[in-house]
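J.: this one's structure only:
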């Protein structure tokens with residue numbers, strides 16, 4: 001059974017840091033582009049960051065650029081999101097997703113291969 005499991009969420013004060021992990025099991029994701037999306041209550045799921053299958057290319061939403069860093073470890077079959085300088089508006093459930101080979105863009109509907117169940121991030125002011 002293929003699974004993506006996110007961990008590392010929690011509650012932090014504004015300005016703090018968290019590192020999210022997305023552990024993949026059931027298959028290797030070395031040939032998959034991977035990404036992080038987030039969804040706050042009442043909002044649509046929004047793009048946060050993506051990384052190419054080989055890790056050479058990374059992409060960020062303007063709202064997180066310069067504060068978040070995406071990375072992946074092929075040996076551990078794991079995706080990461082280092083989040084620094086957190087703001088209350090970063091509060092959301094964060095999801096990881098994977099898509100075979102190419103990145104289909106920033107619309108979550110186009111990432112139709114695999115999704116995790118999410119991890120809650122809460123940033124207090």
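T.: The structure has been received and is ready for your questions. Worth saying up front: this structure is predicted, and the values here are computed from it rather than measured.

J.: could you show me where the strands are in the protein, in order?
T.: Shown for the chain, the strands assigned by DSSP state E span residues 3-7, 10-13, 18-25, 32-39, 46-51, 58-60, 68-73, 78-83, 92-100, 114-115, 119-124.

J.: Quick one: residues in contact with the first one.
T.: Counting by CB atoms under 8 Å, 6 or more residues apart in numbering, the neighbours of strand 3-7 from elsewhere in the structure are 20-26, 94-98, 114-119. Placement of C-beta: from N, CA and C, glycine included.

J.: Filter the residues you listed down to the buried ones and hand me the ChimeraX line.
T.: Selection of buried members from the contacts of strand 3-7 for ChimeraX, criterion 16 or more other CB atoms under 10 Å:
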select :20,21,22,24,94,95,96,97,98,114,115,116,118,119
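
J.: Across the sheet, point out what pairs with residue 20.
T.: residue 81 (DSSP bridges).

J.: With respect to residue 107, which of the strands of the chain lies nearest?
T.: Closest of these to residue 107 is strand 46-51, at 7.6 Å (criterion: CB to CB).

J.: Throw the strands of the chain into JSON lines and include mean pLDDT and distance to residue 106, thanks.
T.: Below are the strands of the chain laid out as JSON lines (pLDDT from 0 to 100; distance: least, CB to CB, whole Å):
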{"stretch": "strand 3-7", "mean pLDDT": "96", "distance to residue 106": "19"}
{"stretch": "strand 10-13", "mean pLDDT": "98", "distance to residue 106": "26"}
{"stretch": "strand 18-25", "mean pLDDT": "96", "distance to residue 106": "18"}
{"stretch": "strand 32-39", "mean pLDDT": "97", "distance to residue 106": "9"}
{"stretch": "strand 46-51", "mean pLDDT": "98", "distance to residue 106": "4"}
{"stretch": "strand 58-60", "mean pLDDT": "97", "distance to residue 106": "8"}
{"stretch": "strand 68-73", "mean pLDDT": "98", "distance to residue 106": "14"}
{"stretch": "strand 78-83", "mean pLDDT": "98", "distance to residue 106": "16"}
{"stretch": "strand 92-100", "mean pLDDT": "96", "distance to residue 106": "12"}
{"stretch": "strand 114-115", "mean pLDDT": "95", "distance to residue 106": "15"}
{"stretch": "strand 119-124", "mean pLDDT": "98", "distance to residue 106": "19"}
